[in-house]
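>>> pasting the sequence and the predicted coordinates here, then a few questions.
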Amino acid sequence: MSILVFLEHHGDELQKGALGVLAKAASLGDADVAAVVLGSGVKPLASEAGRFGAAKVFVADDAALEAPLPQPRVDVLAKLVRDHGFESVFFANSVLAADVAAGLSARLDAGLNWDLTDVVAQDGKLVGKRPALQDSVYVDVGWKGTARLALFRSGSFDATTTQGGEPQVEDVAIELEEFSQAAKMVEQAHEADESGPSIEDADVVVAGGRGLGSPEAFSLAEDLARALGGAVGATRAVVDAGWYPYSQQVGQTGKVVSPKLYVALGISGAIQHKVGMQSSNVIVAINKDPNAPIFEFSDLGVVGDVHTIVPKLTELVKQRRGS
Amino acid sequence: MTKPADYPSPFLPSEFVAPPTDPADERIEVGVLIVGAGPAGLACAIRLGQLLADSPETMERLGDVPVAVVEKGKQPGSHLLSGAVVNPRGLRRLFGDRRRIEEMPFYGPVHGESVYFMTRRAAMPIPAPPTMRNEGNHIASLSRLGRWLAEEAEEGGAMILPETSAEKLLVADGRVRGIRTGDKGRGREGEPLGNYEPGSDLVARVTVLAEGTQGHLTGVALQHFGLQGENPQVWALGVKEVWKVEKPLRSIVHTMGWPLRPSPRYREFGGSFIYPMGDDMLTIGMVVGLDYRDAALSVHDVLQEFKTHPRIRKMLEGGERVQWGAKTIPEGGFYSLPRKLNAPGLLLCGDGAGMVNVPALKGIHYALESGRLAAEAAFGALQRGTTPATPGALDAYDDAVRESYIWKDLYEVRNMRQAFGRGFYLGGALASAMTVTKGRFPPGPFRTEPDAEQEIIATDRAASYPAPDGKLTFDKLSSVFLSGNKTRDDQPNHIRVQTKVPREVAELWTHMCPAQVYEVGAEDGDGTVIVRLAPSNCVQCGAITAKGGRLTPPEGGSGPEYTLT
């Protein structure tokens, strides 16, 4: 059941989602879970993976891997799978990981199950769990052969540390296919004002809906998110109205998030929104309409005016955190 | 008095007619191009496959792709919605002994039927009008039947291109050269996004428009070539749900009356249908003519209201709603058919051309038959020594349709829909006279006004709609969810309406739309309001085109993803 986990990094930090997948892989009973880190100047990141259960970490540290392009990564992974006979490769969903997983699937002619939220070992076989029909049911999915590729929904697993010590680090020399070098990165643009964690990575998401009343009132959500160290989300209605950028939209046609805490401010809870956040651990809703559907699936519901409650809540959070 | 037609759509057909623009070597060339993978388009593709199989020489001349079908939905069937009780005649003619009805995905033949006149508490059985008798017909989900037909068409050699919208009609030198597909990956203001992909010119020897109700290019072609019929086209809006149920329903049910109001003042012509789909499912729907006048009328909410009737509630008890959808139906009938069904290089089929028999509640077999006849006409015009591009080369299609049962059936009921503009009771009496005399009495044609020409009235109708309980009755947004619609939000708006209109027009659109696309926004002075749009909710039913706006195709792959409707 040898598993290889693809670890993505942002700057000099390994991505939490990928570490969560690594921790999950380590919990499946494979003592030799391996991880792979690819990039330029990434060698120092390798040892970190040991704490999350990697017995061995492959590092391909090369200037050719600096740009976040999928094909060179597919080359390295394909070679690792062939040389070391990995039976499974796990990915935490991201734009890059999805591209790499799809490319690897084509390259190895291997099966890829995507949007998984869990995986278990049953009678020595891996069985993935995948939500279907707009998340109303979970289906078991398997693989017909190896390598088994699995792409997990973001936030599926906590990045819990294990007893693991220093992993064995092995450098990998890269051999890139000619066609893999055809793409060049011309420009990389970041959304401005990336002050907090990204909405998919955040442990806390504070989301605002029409009930906030005006675009200006989004500062209530922003202040609370800042106090809680979280990110700000928005419903489709307010994104449509131009109150908040599309990149922060949570729901069926936006981002799917599963933070530890989801605070819904003035959100009625249409099913299109629900499917984007229902797997959050704790859902808190504040809405002045007691019949709002969101109260049917929130853990804590507050009937009241967000404009009076939220500033007080933010103040309280700041005090508690400050002390 | 205000009417929607006073606020016409900012839409010009000429915007959607253009010569090919891609360089000649970049155009995609096909033999026969069919727009729309519904019963008409797929029947056309299947018949062409049969004819070309027997004529390798013609096939050879049509190039690498002899037959292509473009479909704007995610897959064939995604945008198909109907009752449906299907008259098998069209399928029998199409397949001959190649396929038997038993091999097709039907939910079985009709076993018994009843018609009720409803009041709020009671349901009175009435004899089924002769036009509505369904013995020998078969129950289907048209979406499912469409998927099967698509497989048959592909097996016969047709290439089906889903997620592809037909945006422009390519016309050069007075003849249709094909279509241009819609761009993909544009942002809200039309700006290209990272995944931008421009459309391409698909050129063909013959282009068959089989777009179904409110076909975008069909509308453009009717105007460009001046093919409109004697009467304007009118439509009805149908909203339906598919339910898993505990008790099987045995026979098919139609109702008239409540919750629709019989007075001619409201012009609420319509009724419901309830059909079994095997032992554990049924479909229930409500159809209302779009010549209605009440700004507060909402077919979706009338259907919700209908389900609260004690008799209907009992059928659904313990069940679960599994799908929802909406679509318009062309109801003008015989005198609204296009004057001509062809233009140089172009053929018009099925619902797009208005081939629906309203008193019989049937159109699928006409769509299939017209598609089959279009294939034969196209094939004939592609023989050596002829070309479909010359005027009159495709007239054989019009001749064949006029000889067919489509023409005969529609002629017999030619004024029946119009009679109901005079209210339920007088309309019923006139319809009976028409049935007995095969349409000769009363003499016509009866006048038809476009749906958007009806003056708007205001009532407190909305007060009687039930509050959604999430079990039996539902709001619009959760219904849109059950249509499978997950359209990308940041794409250009595909709905052309005026956005500063009198309040009653905005309210009419808001109530009418089953998918909650329109919202009455802020006051703009003088009783005018701003109309706010959520175009990604749209399930492309087409009602807005009947009531003053204009639906155009959004990015390919958008809209509902029906599977059971």
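Received it, and whenever you're ready, just let me know what you need.

>>> surely residue A:175 and residue A:78 touch.
No: Residue A:175 is beyond contact range of residue A:78, at 10.2 Å (criterion: CB atoms under 8 Å). All C-beta spots, glycine's among them, are computed from the backbone N, C-alpha and C.

>>> elements contacting the biggest helix by length in chain B?
Secondary structure assigned by DSSP state H gives helix B:364-381 as the longest helix of chain B. Judged by 3 or more CB pairs under 8 Å, 6 or more residues apart in numbering or on different chains; DSSP states H and E, helix B:364-381 is in contact with helix B:39-53, helix B:89-95, strand B:201-209, strand B:346-348, helix B:395-403, helix B:405-412.

>>> between the ones you listed, which one is closest to chain A.
helix B:39-53 (26.7 Å; CB to the nearest CB).

>>> next SSE after that closest one?
Using DSSP states H and E, the helix or strand that follows helix B:39-53 in sequence is helix B:56-61.

>>> and that next one, what other elements does it pack with?
Packing partners of helix B:56-61 (3+ CB pairs under 8 Å, 6+ apart): helix B:39-53.

>>> residue A:36: what's it in contact with?
Residues in contact with residue A:36 (CB atoms under 8 Å, 6 or more residues apart in numbering or on different chains) are A:4, A:5, A:6, A:7, A:57, A:58, A:59, A:60, A:76, A:77, A:80, A:172.

>>> can you classify it by secondary structure?
Under DSSP: H, G, I helix; E, B strand; the rest coil, the three-state class of residue A:36 is strand.

>>> now do it, the pLDDT please.
Here the pLDDT value assigned to residue A:36 is 96.

>>> can I get the contacts of residue A:36 in a markdown table with neighbour count and secondary structure?
A markdown table is the format used below for these (neighbours: other CB atoms under 10 Å in any protein chain shown; DSSP: H, G, I helix; E, B strand; the rest coil):
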| residue | neighbour count | secondary structure |
| --- | --- | --- |
| A:4 | 24 | strand |
| A:5 | 30 | strand |
| A:6 | 26 | strand |
| A:7 | 31 | strand |
| A:57 | 25 | strand |
| A:58 | 22 | strand |
| A:59 | 22 | strand |
| A:60 | 24 | strand |
| A:76 | 24 | helix |
| A:77 | 27 | helix |
| A:80 | 19 | helix |
| A:172 | 17 | coil |
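
>>> the longest helix of chain B - what's its average pLDDT?
Per-residue scores along helix B:364-381 average to 98.

>>> which of residue A:175 and residue A:78 has more neighbours?
residue A:78 (18 against 9; other CB atoms under 10 Å in any protein chain shown).

>>> secondary structure element for the closest residue to the more buried one other than its chain neighbours?
Nearest residue to residue A:78, sequence neighbours excluded (CB to CB, 6 or more residues apart in numbering or on different chains): residue A:107, at 4.9 Å. Element membership of residue A:107, judged by DSSP H and E, is helix A:95-108.

>>> centre of the chain to that helix, how far?
Centroid separation for helix A:95-108 versus its chain: 16 Å, with CA atoms, centre = their mean, to the nearest Å.

>>> show the average pLDDT along it.
On average, helix A:95-108 scores 95.

>>> can you redo the helices and strands packed on helix B:364-381 as JSON lines with distance to residue A:84, mean pLDDT and mean neighbour count?
Formatted as JSON lines, these follow (distance: least, CB to CB, whole Å; pLDDT from 0 to 100; neighbours: other CB atoms under 10 Å in any protein chain shown):
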{"stretch": "helix B:39-53", "distance to residue A:84": "50", "mean pLDDT": "98", "mean neighbour count": "28"}
{"stretch": "helix B:89-95", "distance to residue A:84": "55", "mean pLDDT": "97", "mean neighbour count": "20"}
{"stretch": "strand B:201-209", "distance to residue A:84": "48", "mean pLDDT": "97", "mean neighbour count": "27"}
{"stretch": "strand B:346-348", "distance to residue A:84": "61", "mean pLDDT": "98", "mean neighbour count": "30"}
{"stretch": "helix B:395-403", "distance to residue A:84": "65", "mean pLDDT": "97", "mean neighbour count": "17"}
{"stretch": "helix B:405-412", "distance to residue A:84": "67", "mean pLDDT": "96", "mean neighbour count": "18"}
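
>>> residue B:260: what's its closest spatial neighbour, skipping adjacent residues?
The shortest distance from residue B:260 to any non-neighbouring residue, by CB to CB, 6+ apart, is to residue B:268 (4.3 Å).

>>> next, count neighbours for the one you found.
As a burial measure, residue B:268 scores 24 neighbours (other CB under 10 Å).

>>> do the same with residue A:145
Using other CB under 10 Å, residue A:145 has 9 neighbouring residues.

>>> can you tell me the SS state at it?
Secondary structure assignment for residue A:145 (three-state DSSP): coil.

>>> hang on, isn't it packed against residue A:111?
Yes: at 6.8 Å, residue A:145 counts as touching residue A:111 under the criterion of CB under 8 Å.

>>> these two touch, right, the residue nearest to residue B:260 and residue B:286?
No: with contact defined as CB under 8 Å, residue B:268 does not reach residue B:286; the gap is 10.9 Å.

>>> possible to save the helices and strands packed on helix B:364-381 as a markdown table with distance to residue A:36?
Below are the helices and strands packed on helix B:364-381 laid out as a markdown table (distance: least, CB to CB, whole Å):
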| stretch | distance to residue A:36 |
| --- | --- |
| helix B:39-53 | 48 |
| helix B:89-95 | 55 |
| strand B:201-209 | 45 |
| strand B:346-348 | 58 |
| helix B:395-403 | 63 |
| helix B:405-412 | 65 |
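
>>> and the closest residue to residue B:300 other than its chain neighbours, how close does it get to residue A:293?
The shortest distance from residue B:300 to any non-neighbouring residue, by CB to CB, 6+ apart, is to residue B:514 (4.0 Å). Here the distance between residue B:514 and residue A:293 works out to 19 Å (CB to CB, to the nearest Å).

>>> equivalent analysis for residue A:54, please.
For residue A:54, the distance to residue A:293 (CB to CB) stands at 43 Å.

>>> out of the two, which sits in the busier spot?
residue A:54 (32 against 22).

>>> residue B:561 contacts residue B:80, correct?
No: between residue B:561 and residue B:80 there is no contact under CB under 8 Å: 11.0 Å.

>>> joint contacts of those two?
Shared contacts of residue B:561 and residue B:80 (CB under 8 Å, 6+ apart): residue B:73.

>>> which one's more surrounded, these two?
Counted by other CB under 10 Å, residue B:561 and residue B:80 do not tie: residue B:80 has more neighbours, with 30 against 20.

>>> how about the contacts made by residue 87?
Went with chain A since none was named. Shown in contact with residue A:87 (CB under 8 Å, 6+ apart): A:1, A:2, A:3, A:146, A:147, A:148.

>>> not what I meant, chain B
Contacts of residue B:87 were listed using CB under 8 Å, 6+ apart, and they are B:136, B:137, B:362, B:364, B:365.

>>> now for these: which two are most distant?
Using CB to CB, the two most remote members of the contacts of residue B:87 are B:136 and B:364, lying 14.5 Å apart.

>>> who has more neighbours, the two?
Ranked by neighbour count (other CB under 10 Å), residue B:136 and residue B:364 place residue B:364 first, with 29 against 10.

>>> just checking, that one touches residue B:86?
Yes: contact criterion CB under 8 Å: residue B:364 and residue B:86 qualify, at 5.0 Å.

>>> okay, and the common contacts of these two?
Taking CB under 8 Å, 6+ apart as the criterion, residue B:364 and residue B:86 both touch residue B:142.

>>> show the pLDDT at residue 196.
Answering for chain A, as no chain was given. pLDDT, residue A:196: 70.

>>> ah, no, chain B please
On pLDDT, residue B:196 comes in at 94.

>>> what about it, which helix or strand?
strand B:192-197.

>>> and that strand, does that touch chain A?
No: applying CB under 8 Å from any CB of the partner chain, one finds strand B:192-197 out of contact with chain A, separated by at least 10.1 Å.
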